[in-house]
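# Build me a structure from this.
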Amino acid sequence: MTVSQTSFDPPFELPPAFIAPGTLREMWLHGALCRYWEYGQPQGPTFVAVHGFRGDHHGLEIIAHRMLQILPEARILIPDLPGFGRSQPLPEVTHNVATYAQWLSDFLASLGAGQRVYLIGHSFGSIVSAATAADDARCIQRLCLINPISEPALEGDQRLMSRAAALYYRLGALLPAKLGFALLRSRLVTRLSSEFMMKNNLPALRRYINGQHDAYFGAFVDRQVVLEAYRASTSSTVGDYAASIDIPVQMIVASQDDLGSSDAQRHLYSLFAHARLDVIDRVGHLIHYETPQAAAQLILDFQGEDHEAVR
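Residues are numbered from 1 along each chain as shown. Here you go, the predicted model:
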């Protein structure tokens, strides 16, 4: 049953002139050093945000910045997933969805006895967050999925692009180490994918997004990690876990998302027991860059709802 659906058409947003940097925190988890960043007030309601494939904490900083403008007392934590950004890869394991979900579950449990957080996942982070909530939601109060992965990569509207990406990563694995690593960090490929995903026509915003991707899209530790994570990102969807999630879920989806059709998103929404669907018009897979103010407001609206109001 679907009963909570809203649609928004906010303007594309120029990036803020200044974003207060978070405080770097570190912990050892599953035998590897995890680095995460804390924003806001230590004693406030806690939000944990999980970035997408090949990203790091920088990708969700603007949403965190906008959330704190609305709710200054919030506490927002953004970890770099193992093997990406400044977090070490996990030793002697395959970096698949199950591994990342167990890692995230233990990360949440480490934050304090009995504390329940608001968990936010973007893109591949939506799969990891959904898998975590499906397996053990004791530390999660509500789950927000931004640009959730709703259909297998090779079955969606952009299946040709998905096949090209699969070939790209296959070549990255087959080439000698130095060449494969260089290919996987190619600035040309980064720029092409960035241009493909953007929907705005604001020169300043496009330059900013391209700059973010140039700076951080290659921030992975080694090619084995990125290849394993790529396989994880294309072998699962949020739908694989939806039926096992019994906490309130918010989907913030984009009407022009190249990685998930509107029909696929609405089907995914129908699989949850307690869900809310918010559709942002005109934007694509980069909600976190193109309409972060709208996303921040929607997240906090959801955080303030009663359980019964969701479904």
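# CA only for contacts and neighbour counts going forward, please
OK.
# quick one, what contacts the residue found closest to F53 once you drop the neighbours it is linked to in the chain?
Beyond its immediate neighbours in the sequence, the residue positioned closest to F53 (C-alpha to C-alpha, 6 or more residues apart in numbering) is F124, lying 5.4 Å away. Residues counted as contacts of F124 (C-alpha atoms under 8 Å, 6 or more residues apart in numbering) are H51, G52, F53, P148, I149, S233.
# Looking at the residues you listed, which is nearest K178?
Checking the contacts of F124 against K178 with C-alpha to C-alpha, the nearest one is F53 at 21.7 Å.
# sec struct for that closest one, please.
F53 carries the three-state label coil when classified by DSSP: H, G, I helix; E, B strand; the rest coil.
# those strands in the stretch 151-300 of the chain, which residues are they?
Under the criterion DSSP state E, counting those that start in this stretch, the stretch 151-300 of the chain contains strands at 249-254, 275-280.
# Now do the helices in the stretch 151-300 of the chain.
Counting by DSSP state H, counting those that start in this stretch, the stretch 151-300 of the chain has these helices, from start to end: 159-174, 177-184, 187-197, 203-216, 223-235, 239-242, 262-271, 287-290, 292-303.
# For those, which has the smallest mean pLDDT value?
By mean pLDDT, the lowest-scoring of those turns out to be helix 159-174, with a mean of 82.
# Hmm, Q43 is touching I76, no?
No. With contact defined as C-alpha atoms under 8 Å, Q43 does not count as touching I76 (10.6 Å).
# Comparing these two, which residue is more hemmed in?
Neighbours were tallied for Q43 and for I76 using other C-alpha atoms under 10 Å; the higher tally belongs to I76 (26 against 9).
# Cross-check the contact I'm expecting between the more buried one and Y39.
Yes. With contact defined as C-alpha under 8 Å, I76 counts as touching Y39 (5.1 Å).
# overlap in contacts of the two?
The overlap between the contact sets of I76 and Y39 (C-alpha under 8 Å, 6+ apart) consists of A64.
# which residues touch Y39?
Shown in contact with Y39 (C-alpha under 8 Å, 6+ apart): P21, G22, T23, A64, R75, I76, L77.
# And those, which of them are buried?
With neighbours counted by 16 or more other C-alpha atoms under 10 Å, the contacts of Y39 contain buried members at G22, A64, R75, I76, L77.
# most packed of the helices of the stretch 151-300 of the chain?
Most buried of the helices of the stretch 151-300 of the chain, by mean neighbour count (mean count of other C-alpha atoms under 10 Å): helix 287-290, with a mean of 25.
# I'd like to know which elements that one is packed against.
For helix 287-290, the packing partners by 3 or more C-alpha pairs under 8 Å, 6 or more residues apart in numbering; DSSP states H and E come out as helix 61-70.
# And the helix it packs on, what does it pack against?
Using 3+ C-alpha pairs under 8 Å, 6+ apart, the elements in contact with helix 61-70 are helix 287-290, helix 292-303.
# ok, 10 Å please
For helix 61-70, the packing partners by 3 or more C-alpha pairs under 10 Å, 6 or more residues apart in numbering; DSSP states H and E come out as strand 32-40, strand 46-50, strand 75-79, helix 287-290, helix 292-303.
# Which among the ones you listed is found nearest to A134?
For those, the distance to A134 is smallest for strand 46-50, at 15.8 Å, taking C-alpha to C-alpha.
# residue contacts, the residue most central in space within the chain?
Nearest to the centroid of the C-alpha atoms of the chain, with distances taken as C-alpha atoms, centre = their mean, sits H122, at 1.9 Å. Applying C-alpha atoms under 10 Å, 6 or more residues apart in numbering, we find H122 in contact with 49-53, 59-60, 128-129, 144-149, 252, 285-288.
# so how far is L160 from I252?
In this view, I252 and L160 are 25 Å apart by C-alpha to C-alpha, to the nearest Å.
# Of the helices of the stretch 151-300 of the chain, which is nearest L71?
Ranking those by proximity to L71 (C-alpha to C-alpha) places helix 292-303 first, at 8.0 Å.
# Figure out how far the closest one is from the centre of its chain.
Averaging C-alpha positions (C-alpha atoms, centre = their mean, to the nearest Å) puts helix 292-303 15 Å from its chain's average.
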